[in-house]
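Colleague: return a 3D structure for these sequence lines:
(2 chains)
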Amino acid sequence: MLQRPRGTRDFLPDEMEARREIEERMREAARRFGYGQVRTPVFEELELFTLRSGPGIVNEMYAFEDKGGRALSLRPELTAPVLRLYVNEARVLPKPLRWFYYDDCFRYERPQKGRYRQFWQFGAELIGADTAMADAEVVLLADAALQASGVEYELKVGHLALMRSLLADLDEGARRAVMGLLDKREFDGLVAALAGLGREDLAPSLEALVAATTLDEAFALTGPLPEEARLRELVTLLDAAGLDYTLNFGIVRGLDYYTGMVFEGFAQNLGAENQIVGGGAYRLAHLFGGEDTPSCGFAIGFDRVMVALGQVEVPPRPTVAVLSTSEGACAACVAAAAFRAAGLRAELDLSGRGLGAQLTRAARTADYAVLIGAREAEAGVVAFKDLASGVQETLALEAAVARTVGREVDAPGAR
RNA sequence: GCCAGGGUGGGGUAGCUGGUUAUCCUAGGGGACUGUGGAUCCCCCGACCCGGGUUCGAGUCUCGGCCCUGGCCCCA
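Modeller: This is a model prediction of the structure:
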């Protein structure tokens, strides 16, 4: 038997309902911030991603050559494609651009909890704004989307300038190594690495910076920096907005194009892969041939949010089972159409079995049953049954539809 | 790429010191039941991941592969 490719998943209707529900809540959050959706191709020129992330990532990508010999790859992330879109198509649009996206990405990695080879990202990019308020807006949108989903998580906000100022003397390779160790809180390794560089003196202040939880603590370690005023303003804005977060200057965020503010969010019960959002201010457009444009964005690991949420309660939609004998088949189709037109879910019974058997099935899957046999068809009425209460009435079709519209559905114990 | 634990009907499982027709639950189909409820009863359907080895005989032991789950690495 054919198998689904490794690291991919199939989604059945119940799970899709839950995913669509959460997607819709995030989408609505973005809309309320004035963000519009963009969509880019599922594959791009390979170079787009190596320009952003370095040649080393080719191994982790679904890279391939097409029949014309072009080096392409399924997208492993969406920030680079969206910025490529901006450079290609949208350079002259009035700034700032407020865009969001929800699409699938592909990485050739070893699957584990919350990590799949095809996964979905919900994210946003704010392009062409370079103020503390722009930074704040992006963090607040990320939080709004996650809050709307209902996931419980911890938000950490930081700024790269502080750590970089402490490491300003180191060459790039050493700086990367040190930042990587700090990101993982590997202080023993850090001390050893600094010793190898002859800079043991940095260890205390670096460890203190990672532990710092206030701006005053952090800037006491670094001294005054040009970024200080904007960072202080950002914190003031986030606090005024009532955001629940902590400051953390140990956030590294991998790559060099992040320029200032950075943030990450972590959820519980996710095992080793517990980061559900990451973002920050960056400059990327110039890599793709555009002007050097300040941008800020984030990406939410949608599948991880779904794992962290567990069961998602989707508002029930009343279902009408339309049951009929052969004499009532035509009337049943008409009745189903009337319920559908009223916004209900109407399911015809296709079994051709007796009404008793049809009702047995309906009782498990529906909230209401409409029965149309020879008697009802002849009289031009329907038998309308509320499956929760057991009450049955003989009504004109319009009256039966009216019985269901706007009515709350009780606990779906009948399902 | 590395490590650990796993793969038995669609889902969940028993069998694991090798031995007749592989257990049970559930789901699915049919019937009792051709106009009224989820019950009950009966019947049916349907599985040992793949390949090699040991053996008279392998779901069971052994080797390799594939896949799953989680962890390491990585995490744009």
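
Colleague: what ranges does the stretch 151-300 of chain A have for its helices?
Modeller: For the stretch 151-300 of chain A, helices defined by DSSP state H, counting those that start in this stretch occupy the ranges A:160-166, A:172-183, A:187-197, A:202-211, A:215-222, A:228-240.

Colleague: which residues does the lengthiest helix in chain A contact?
Modeller: Ranked by residue count and defined by DSSP state H, the top helix of chain A is helix A:13-32. The list of residues contacting helix A:13-32 from outside it, by C-beta atoms under 8 Å, 6 or more residues apart in numbering, reads A:11, A:37, A:100, A:102, A:122, A:124, A:141, A:144-150, A:300, A:302, A:305-306, A:309, A:311-312, A:314-315. Where you see a C-beta, it was placed from the backbone N, CA and C, and this is true even at glycine.

Colleague: what's the neighbour count on residue A:358?
Modeller: The local packing of residue A:358 (other C-beta atoms under 10 Å) involves 22 other residues.

Colleague: and the pLDDT for it?
Modeller: The model reports residue A:358 with a pLDDT of 87.

Colleague: surely residue A:362 touches residue A:320?
Modeller: No: counting by C-beta atoms under 8 Å, residue A:362 stays clear of residue A:320, with 9.0 Å between them.

Colleague: thinking again about what came up before, show me which of the contacts of helix A:13-32 are buried.
Modeller: Judged by neighbour count, with 16 or more other C-beta atoms under 10 Å as the criterion, the buried members of the contacts of helix A:13-32 are A:100, A:102, A:122, A:124, A:141, A:144-146, A:148-149, A:300, A:302, A:305-306, A:309, A:312.

Colleague: mind listing which of those residues are in strands?
Modeller: Judged by DSSP state E, the subset of the buried ones among the contacts of helix A:13-32 located in strands is A:100, A:102, A:122, A:124, A:300.

Colleague: tabulate the residues you listed (TSV), appending distance to RNA strand B.
Modeller: What follows is these, written out as TSV (distance: C-beta to the nearest atom of the strand, whole Å):
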residue	distance to RNA strand B
A:100	17
A:102	17
A:122	15
A:124	15
A:300	12
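
Colleague: circling back to that earlier point, now, among the buried ones among the contacts of helix A:13-32, which is nearest to residue A:193?
Modeller: Distances from the buried ones among the contacts of helix A:13-32 to residue A:193 were compared by C-beta to C-beta; the smallest belongs to residue A:300, at 32.6 Å.

Colleague: next one: stretch A:243-255 to chain centre, how far?
Modeller: For stretch A:243-255, the gap between its own C-alpha mean and the chain's C-alpha mean amounts to 19 Å (C-alpha atoms, centre = their mean, to the nearest Å).

Colleague: any idea of the mean pLDDT for that stretch?
Modeller: 88.
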